[in-house]
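> coords below, sequence missing:
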Ligand SMILES: Cc1ncc(COP(=O)(O)O)c(C=O)c1O
């Protein structure tokens, strides 16, 4: 096995069965309706290749954000674009700055591409430690905003300061950007070092179709398109994503549902003894009142999956749950209460 990959372990792959999934931060409204309608109506000639660079989707996104097709790179999930960014811009042994805690797969993409992930702790309230992140020897600084698993957005002024002072690229991963209300996308042409990542897996309710994109100035996007595997976004997923971009009402409804249910869920968790952290996204990280493994395993036995972050530094004894509908949250809270009280 390649030396940089020998320490890798397989990614999260739970036995799902009939369990309620509150562990992946997907959209609790279910499949994107415009995408589902597109899929049901399609009689595609799958003998043809898709468009090499997903021009149709990039045009739809350019319209949505009032940018140009050349500002975008489209691919198979934002995970592919993260990989492409490292493939395009890093050399063997380059240092990449990764905040802790943040998205677990960053370390994997960095080392897969031969780089070294340099961990820099977030502050006590999970904000960016700007001076610490600006390491002189770093090729890329990567950060999710809103952050996964903590749920909070970073302050735009801190992101801006990092962009201005960094000698290297700054990747702002906005996988949960629709929920946050702030975005760096409108600013991509202002900076020569900004890449924003977005996904159709969360608010767009299309995780199964694997669609993501990056937004940056045209120069950066062009370099990434040269490195990305041609045709990596299949034509069915691209067509569904174009349909989904056309239904912004669904995105507004999805965001409203999360906004309406965030505080009630957080309050319910507090009543059970959890300590939830502030969230700007569709999930909540909370310190568990009992052992984190007992909590996640106990819930799993009762048919509810949440995600365990309790063994990791900075999120000791913490678990993360998606914010559900009122009905889903009530089930989660009732089952958590049973787990805490030891009811079988
Ligand atoms: C912060 C962050 N970035 C990227 C991704 C990957 O999303 P995708 O499904 O588009 O590959 C996730 C998925 O959970 C995420 O939480």
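Arrived safely, thanks for sending. Computed from a prediction, not measured in an experiment: that's the story for all the values here.
> Just confirm residue 300 is within a helix.
Yes - under DSSP: H, G, I helix; E, B strand; the rest coil, residue 300 sits within a helix.
> From what I see, it and residue 20 are in contact.
No - using C-beta atoms under 8 Å, residue 300 and residue 20 do not qualify as a contacting pair, with a distance of 10.4 Å. Just so you know, the C-beta spots here come from the backbone N, C-alpha and C atoms, and that holds for glycine as well.
> just checking, what packs against the longest helix belonging to the chain?
Taking DSSP state H as the criterion, the chain has its longest helix at helix 248-271. Where contact means 3 or more C-beta pairs under 8 Å, 6 or more residues apart in numbering; DSSP states H and E, helix 248-271 is packed against helix 177-180, strand 275-276, strand 283-287, helix 326-341.
> neighbouring contacts of the third one?
With C-beta atoms under 8 Å, 6 or more residues apart in numbering as the contact definition, strand 283-287 has outside contacts at 25, 148-151, 176, 262, 265-266, 269, 274-277, 279, 309, 315-323.
> cool, and the last one?
Contacting residues not belonging to helix 326-341 are listed as 20, 22, 28, 261, 264-265, 268-269, 272-274, 289-290, 294-295, 298-299, 302-304, 306, 321, 323-324 [C-beta under 8 Å, 6+ apart].
> Can you point out the buried residues in it?
Residues of helix 326-341 classed as buried: 328-329, 331-333, 335-336, 339-340 (neighbour count, 16 or more other C-beta atoms under 10 Å).
> got the angle for it vs helix 248-271?
Taking axes from the mean of the first three to the mean of the last three C-alpha atoms, to 10 degrees, one finds that helix 326-341 is oriented at 20 degrees with respect to helix 248-271.
> Quick one: work out the angle between helix 326-341 and strand 283-287.
Computed by the same axes, to 10 degrees, the angle separating helix 326-341 from strand 283-287 equals 10 degrees.
> model confidence over helix 326-341, on average?
Averaged over helix 326-341, pLDDT sits at 98.
> try the third one
Taken as a whole, strand 283-287 has an average pLDDT of 98.
> who in the stretch 151-300 of the chain is up against the ligand?
Along the stretch 151-300 of the chain, the residues adjacent to the ligand under the rule C-beta under 6 Å from any ligand atom are 173, 175, 199, 201, 207, 212.
> Just flag the most distant two among the residues you listed.
173 and 207 (15.7 Å; C-beta to C-beta).
> Would you check that my belief about residue 323 contacting residue 282 is correct?
Yes - the pair formed by residue 323 and residue 282 meets the contact definition of C-beta under 8 Å, at 5.2 Å.
> Mutual contacts of the two, please.
Taking C-beta under 8 Å, 6+ apart as the criterion, residue 323 and residue 282 both touch residue 258.
> hmm, back to that, so which of the residues of the stretch 151-300 of the chain next to the ligand is the most crowded?
Highest neighbour count within these, by other C-beta atoms under 10 Å: residue 173, with 27 neighbours.
> so how far is residue 222 from the residue in the stretch 1-150 of the chain positioned nearest to the ligand?
With distances taken as C-beta to the nearest ligand atom, the stretch 1-150 of the chain approaches the ligand most closely at residue 77, which sits 2.9 Å away. Look at residue 77 and residue 222: by C-beta to C-beta, to the nearest Å, they are 21 Å apart.
> in which helix or strand would I find the residue in the stretch 201-344 of the chain positioned nearest to the ligand?
As assessed by C-beta to the nearest ligand atom, the ligand sits closest to residue 201 within the stretch 201-344 of the chain, at 3.4 Å. Secondary structure from DSSP states H and E places residue 201 outside every helix and strand.
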